[in-house]
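Predicted model follows, preceded by the sequence.
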Amino acid sequence: MINLIYLTVLLPLIGFLFNGLFGSKIKNEKVIGIIGSSTVGIAFLVTLLAFLETLNLPVENRSNTVELFTWLNVAGLNIKFAYLVDQLSLTMSLIVTGVGFLIHVYSIGYMHGDKGFWRFFSYLNLFIFAMMNLVLGDNFVVLFLGWEGVGLCSYLLIGFWYDRKFEKGTVPEAAKKAFVVNRIGDFGFLLGMFLIYYTFDSLNFSEVFNKAASFPVSEATFGMIAIFLFIGATGKSAQIPLFVWLPDAMAGPTPVSALIHAATMVTAGVYMVSRAAIIFVSAPTVMMVVAVIGLLTALMAATIGLVQNDIKKVLAYSTVSQLGYMFLAAGVGAFSASIFHVMTHAFFKALLFLGAGSVIHGMHNEQNIQRYGGLKKYMPRTYATFFVATLAITGIPGLSGFFSKDEILWYSYANGGFIFWFIGVLTAMMTAFYMFRLLSLTFYGKERFDHHHVHPHESSSVMTVPLIILAVLSVIGGYIGIPEVFSGEHGNQFHNWLEPVYAPAIAKLKTFGSHTHLEEILLMVVSVALALSAIHFAIKVYTKKPSIAENIAGRFKSIYNLLLNKYFVDEIYEAAIIQPIQKGSEKVLWKFTDNIIIDGAVNGVAKLIDTGSGFIRKIQNGVAQFYALIMMVGIAVVLLWVILTL
Amino acid sequence: MEQNLLLTYLLFTPIVGSVLVLFFKKEQIKIVRWFGLFISLVAFIISLLVYFNFDSTKSEFQFIHQVIWISSLNVSYNVGVDGISLLLVLLTTFLTPLTFLSTWNSIEKNIKMFTFSMLFLEAGMLGVFISLDIFLFYIFWEAMLIPMYFIIGIWGGEKRIYASIKFFIYTMVGSLLMLVAIIWLAVYASDITGKFTTNLLELYKVGPTIPHQIQEWMFGAFFLSFAIKVPLFPLHTWLPDAHVEAPTAGSVILAGVLLKMGTYGILRYCLPLFPQSAINFAPLISVLAIIGIIYGALVSMVQTDMKKLVAYSSVSHLGFVVLGTFAMTVEAVQGAVIQMINHGLSTGALFLLVGMIYERTHRRDIAYYGGIARIVPLYSVALMIASLSSVGLPGLNGFIGEFLILLGTFKSPVLNSWWYTAFAATGVIFAAVYLLWMYQRVVFGEVKNPELQKQLTDLTTREYIVLIPIFIFIVWIGIYPGTFLDLTDLSTKSILQQVSTFTFDLFK
Amino acid sequence: MSSIPIEYFLILSAFMFVVGVAGVLIRRNAIVVFMCIELMLNSANLSLVAFSSYLGNPIGQIFVFFVMTVAAAEAAVGLAIIIAVFRNKLTVNIDEINIFKW
């Protein structure tokens, strides 16, 4: 099955082409939905079989390459269309196809009756195609193909309802923003690739990484490469300073938010950083930058999440925050922990989004959580699964989120220091708070919606079954990565599985702190206790005494406004970057430089000749006598000259 | 020497065709249209024959046909192709029938003259690409101005006279300088070899031996002429006017092929004839090219007229080509060549699409449109593909060219600084901005003008026939560029070989 | 035989020629201009005859006949043109006849 891995890429492509070309004529939602989902489902099975096959191979043979054809062959550059099947790419592929499949199925119910049903499924398939290229690519260029491809799909899917309004602007504006911000990241990624090619003379993963481990390359060069790649990652994974597109991406249909903007695409940056672990590890300063950016993003997004009122916005900022966690993990050298969090996050965040979708669906497209309340009894299954996911993300022991989040916190303490751990825990507390705020406002307390117009109802089983499966995964998903503290001599299974991929990087990482198990357990207890207290507070405030929240908001008005308006980052970018560029281009470059200076010079020369000729033309007045006079004068002058020179 | 007449057939097909068109009656519109299409298709088939018989394992010129023309001056009719010119010949013969199809209904005035001009233009362009005699080259270079002048001037928009004269004079200024340089070069050759010659292959040996200071002037004269045609910033202002005023067919040919004559000229004449000066000027020209990339993109962004937007985007894209050429690494030059083809395809497609919608509404201002996705979904898809190809999305053609150019520029020993790449790569961001913004304003949103509902109809079969071949190549180059890159591989290397042989000492 | 020195003839001829030139350049009536042209021709004739007798060479006098023939033909064509112009423009005032430009 490893050799057939290209099927996982090919099938979604076929699905895309089929639905894209014939979807508008088929019109039957079932056919379209089944084709769209089954291609991904089969891709999942293929990946699963490839995974099992790899699992049976001895550890040293677990990395295999499947070559398809030569893509680019110019001078020293030889880029093959090839897929790398190793522990890391298989893990990612399983997440992408597995969660992807569930979301496809869910979409059949969610998008029911939409005019663009076929379009939606063809885009989703195209996305899976691109994402699989991203995670399976054997070199940076195929990865980049997927990288840009998912960006495109994200653009198309955010803009899916292209004639709707979104917040202050329109849906297409949000889509364009996502694409353009991503492109800024891609710009960095491109430069990173060029620098890699310049330094290592190859873009193939295995070659580059082998050379990176052994070549005498300066730390500065590594640092440049790493920082460029990281710029790419900040774009795709919505980190400071390029995170602004993700909240706006919520303009897309909810399954899209679940699939692309929570579970898969946004983790591409994390995947890329951990894929290129060896390069990052070789540049300790950049590692620090990655960790700090991750930490700051986590904290900042969590603070914004505290006050948002749109159910999807809260989840979006939560995603940004969790992505920050992943980068924090990568930054402190815990690459397998970051991928572990990618996985568990994919489960519970996809579940949260799909649950939110189910709520929005049931509430007739209302997204403001202030107008929900007491939905528990109307949507029991949605509530139950949503509750599980909320527990998972807050890191309640026993659920998947606990294992991954705690591992990250532990590594940030061990390799980063107390301050890293402290901010991490603070963020976790906020996460617990805003998630339970969301839960309480949505499912508990008074019913604040308009009963005449809104009739909440549970979604159909095509939507709830994926929720249940994801809920199960959110619970048990963590048990493959039980930390060493608990599992004893077997160690962390997930870590052991991925370890060969990171071995060269880990070997290069010097500062792995050694701390006792006691410390680890102590920190764990502290963080869980803090999270629990935050949960307690949130439930108390938002179900029993909403007045407390208003009081606090009233007392810290300026801070509240700052958070509600997302630190005015969008406005600052608009005023500092977008407007100057646009106005400058229009006023200075086009209307002044082009039309006045350059064209002025060109037309000026023409004008000069024109006026000059105008003067000379006057001599030609058409009166024969005048011509004769000129002739006489001429003769006289010539004669005079002849006489004088004789 | 063994003669191969295939290229001569190719060149004379449109010439003979254009003369024959004149024998039709003015009223026989249909027959004239079909005849024009037929001739251009014949030319395409002949060029395919050339392609299939071309041996890409040889770096020298092939299908050479040489006949003495003016024996006292040693000027000969001398044609031949290498990989680079073959690719451009194919682009020319591929686009010409499509432009005929695209104007099937939109050109009504004096169709006979139009067909004549288009065929004559095709002959001129083919001649430029296949000439191996610098005198012959100059004749074609100038000859092709005339039909273009008429195409803009007769079948153009409101300000067509201004645009056509601007186009003509701008180009003329450059070419006159080139003529002086050509004569000087031939005279110099006769001083050195004792024989007055305009044969390009012989001049290749002579050019690099010109003393430095004079060589720089010669380079400048040639380069100015080509730079105007490209157009390189700040010599670009004829382009928006010409594009906006030209009819769709004119814009397509102008963007698709005519601009490539400039970049082709740089590659064929400037680099191998004056390698030392080319290297001396490379940083300066690259800076101009990069300014062009960013400037074109930024100005394109704020345009209100769709055609002008696409026109300025050409300035940006062609900047990439010039940058790649002067980076003088195999990757970059290969990328530049493939980017010439890409630009021909994607910008050609964009102009065709804008033309199609213009045919229906007679409006080009972006503000007039909005929400047409609902009315013309297939058109919207086509516009999306063309835009993405222009944006440089991996998997489509634009990416291959830009990627190779930037990669090659990065490791270029001539430029020797990665700042060039860093600045040029910002063009990648801006391309996304201006095209997607335009797309968003035209296609997305709610239907803005109720009139659009009445005016717009989706793509017709004829329009499909025009667009689908282009899209096939857009995807083909994106997925499997080997077909095209292999063709130009040896030709590129031999040009760079020529440069590095004579500039070996500069690299120490 | 004491004869009149040639200088006398030449001065007279030059004088007549200058009068003719001045007339052509200054006068506005086409007929007068025309007559001035005749005057210039005759001044040339006078010089030719003077030189002919001075040098004893008859060629100069033969030339004079040619000039007179041409002058007659020219008078015929010229007057015809003037009449034609007069019919069109109703004037023979030559600064009003400025048709020598595009």
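On my side now, so go ahead.

for chain C, what's the longest helix?
Within chain C, and with DSSP state H defining each element, the longest helix by residue count is helix C:59-89.

Low-confidence ranges, chain C, go.
Flagging of chain C using pLDDT under 70 yields the residue ranges C:1-2, C:100-102.

Give me the distance between the residue most central in space within it and chain A.
With distances taken as Cα atoms, centre = their mean, chain C has C:Glu38 as the residue nearest its mean C-alpha position (2.6 Å). Taking Cβ to the nearest Cβ, to the nearest Å as the criterion, C:Glu38 is separated from chain A by 15 Å. Just so you know, the C-beta spots here come from the backbone N, C-alpha and C atoms, and that holds for glycine as well.

list the contacts for B:Ile357?
With contacts defined as Cβ atoms under 8 Å, 6 or more residues apart in numbering or on different chains, the neighbours of B:Ile357 are B:Met306, B:Tyr369, B:Ile372, B:Tyr379, B:Leu456.

correct me, but the first one touches B:Ala367?
No - judged on Cβ atoms under 8 Å, B:Met306 makes no contact with B:Ala367 at a distance of 10.3 Å.

These two: which has the busier surroundings?
Higher neighbour count among B:Met306 and B:Ala367: B:Met306, with 25 against 12, using other Cβ atoms under 10 Å in any protein chain shown.

residues in contact with stretch B:127-143?
Outside stretch B:127-143, the residues that touch it by Cβ under 8 Å, 6+ apart are B:7, B:10-11, B:61, B:64, B:66, B:69, B:73, B:75-81, B:85, B:88-89, B:92, B:120, B:123-125, B:144, B:175, B:178-179, B:182, B:185-186, B:198-201, B:203, B:261, B:264-265, B:269.

rewinding a little: and the longest helix of chain C, what does it pack onto?
Taking 3 or more Cβ pairs under 8 Å, 6 or more residues apart in numbering or on different chains; DSSP states H and E as contact, the helices and strands that helix C:59-89 lies on are helix C:30-55.

by how many degrees do the helix it packs on and helix C:59-89 diverge?
Relative orientation of helix C:30-55 and helix C:59-89, computed by axes from the mean of the first three to the mean of the last three Cα atoms, to 10 degrees: 180 degrees.

looking just at contacts, which helices and strands does the helix or strand where A:Tyr83 lies meet?
Assigned by DSSP states H and E, A:Tyr83 belongs to strand A:77-85. Helices and strands touching strand A:77-85, as assessed by 3+ Cβ pairs under 8 Å, 6+ apart, comprise strand A:64-74, helix A:117-136, helix A:140-158.

list the contacts for the residue nearest to the centre of chain C?
Taking Cβ under 8 Å, 6+ apart, we find C:Glu38 in contact with C:Gly20, C:Ala71, C:Ala75.

Tell me which helix or strand the residue lying closest to A:Met435 once chain neighbours are set aside sits in.
Counting by Cβ to Cβ, 6 or more residues apart in numbering or on different chains, A:Met435 lies nearest to A:Thr390, which is 4.9 Å off, once chain neighbours are set aside. With the criterion set as DSSP H and E, the secondary-structure element containing A:Thr390 is helix A:380-394.

now the helix or strand just after that helix, how far from the chain's geometric center?
Sequence-wise, the next helix or strand downstream of helix A:380-394 (DSSP H and E) is helix A:400-411. Its chain's C-alpha centre lies 22 Å from the corresponding centre of helix A:400-411 when counted by Cα atoms, centre = their mean, to the nearest Å.

now the helix or strand just after helix A:400-411, how far from the chain's geometric center?
Counting by DSSP H and E, the next helix or strand C-terminal to helix A:400-411 is helix A:418-443. Averaged C-alpha coordinates place helix A:418-443 at 22 Å from its chain's average position (Cα atoms, centre = their mean).

And for stretch B:381-390?
How far stretch B:381-390 lies from its chain's middle: 19 Å, per Cα atoms, centre = their mean.

so for the next helix or strand after the strand holding A:Tyr83, what's the average pLDDT?
Following strand A:77-85 in sequence order, the next helix or strand is helix A:87-110 (DSSP H and E). Averaging the model's pLDDT scores along helix A:87-110 yields 91.

Ok, stretch B:397-406 next?
Average pLDDT, stretch B:397-406: 91.
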